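> Got a sequence here, can you model it:
(one chain, ligands or ions: 3)
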Amino acid sequence: MARKPAWLEGLMAETFFASCGVHEGWSHKNEKNVFCLTCCVSLCPHCVPFHQSHPLLQVRRYMYQDVVLLSDLENFIDCSYIKPYTLNGAKVIYLNQRAQTSAVSSNVCRHCYKVIQEPFHFCSLSCKVDHLISQYADLSSIILYRLDDDDDGNSERKGSRRKGVPHRAPFY
Ligand SMILES: [Zn+2]
Ligand SMILES: [Zn+2]
Ligand SMILES: [Zn+2]
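Numbering: from 1, shown residues only. Ligands and ions are numbered 1, 2, ... in the order given. Sure, this is the predicted structure:
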């Protein structure tokens, strides 16, 4: 059974533009509009400095829906066949299904059957991902970003996690 990577699951399930629980009352600029792919959480501008070294994805609002820049998203997942929209001159992708429009076309989203422009197959990121999950065994062909810290870890030294690993004892 196909599984979404945790970051993708989190990105699609997250509620953006809610106020940040950690920074409630700090200022009115505490809407969560950035997603951290390492921690799989949404961040407000006050949270962002703590995640500076993590891959981050900025989320924007377009027609009351959450969107991300195509140029940002395609660093992490293959966005082919997802219909992009233009926001302030930049191409954006809807994270989730969008409301039906009155577009005149017989081309529909392969997953939710909403009308979209040719030659696209999906109205949003979640429709593409959910469709692939219903069709194929895994998403590895489209996922470009993977967390590589779920094995024993080889880049960071976090003392307590590393049992039985010989290490130098400089004080002896
Ligand atoms: Zn983070
Ligand atoms: Zn915050
Ligand atoms: Zn759709």
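> alpha carbons only for contacts and neighbour counts from here, please
Will do.
> in the sheet, who's paired with the residue lying closest to Ser71 once chain neighbours are set aside?
Leaving out its chain neighbours, the residue that sits closest to Ser71 by C-alpha to C-alpha, 6 or more residues apart in numbering is Lys91, at 7.5 Å. Judged by DSSP bridges, the bridge partners of Lys91 are Thr86.
> Was I right to think Lys91 contacts Asp72?
No. Contact criterion C-alpha atoms under 8 Å: Lys91 and Asp72 do not qualify, at 10.0 Å.
> where does this protein dip in pLDDT?
1-2, 98-105, 137, 148-156, 158-172 (pLDDT under 70).
> longest single strand anywhere in it?
Secondary structure of the chain per DSSP state E: the longest strand is strand 56-62.
> residue contacts, Ala6?
If a contact means C-alpha atoms under 8 Å, 6 or more residues apart in numbering, then Ala6 has Cys40 as its contacts.
> what separates it from Pro119, distance-wise?
Distance of Ala6 to Pro119, computed by C-alpha to C-alpha, to the nearest Å: 30 Å.
> Phi first, then psi, for Val34.
phi -130, psi 140 (degrees, to the nearest 10).
> try the one 10 residues further on
Note on Cys44: its backbone torsions stand at phi -100, psi 170 [degrees, to the nearest 10].
> which residues sit in contact with the residue lying closest to it once chain neighbours are set aside?
Leaving aside its sequence neighbours, Cys44 sits nearest to Lys32 (C-alpha to C-alpha, 6+ apart; 4.0 Å). Lys32 sits next to 16-20, 42-45 when contact means C-alpha under 8 Å, 6+ apart.
> Please list which of the residues you listed are also close to ligand 2.
20, 44 (C-alpha under 5 Å from the ion).
> In a markdown table, list the contacts of Lys32 along with neighbour count and secondary structure.
Converted to a markdown table, the contacts of Lys32 look like this (neighbours: other C-alpha atoms under 10 Å; DSSP: H, G, I helix; E, B strand; the rest coil):
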| residue | neighbour count | secondary structure |
| --- | --- | --- |
| Phe16 | 21 | coil |
| Phe17 | 18 | coil |
| Ala18 | 14 | coil |
| Ser19 | 18 | strand |
| Cys20 | 21 | coil |
| Ser42 | 26 | strand |
| Leu43 | 29 | strand |
| Cys44 | 22 | coil |
| Pro45 | 14 | coil |
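> Alright, that wraps it up for me.
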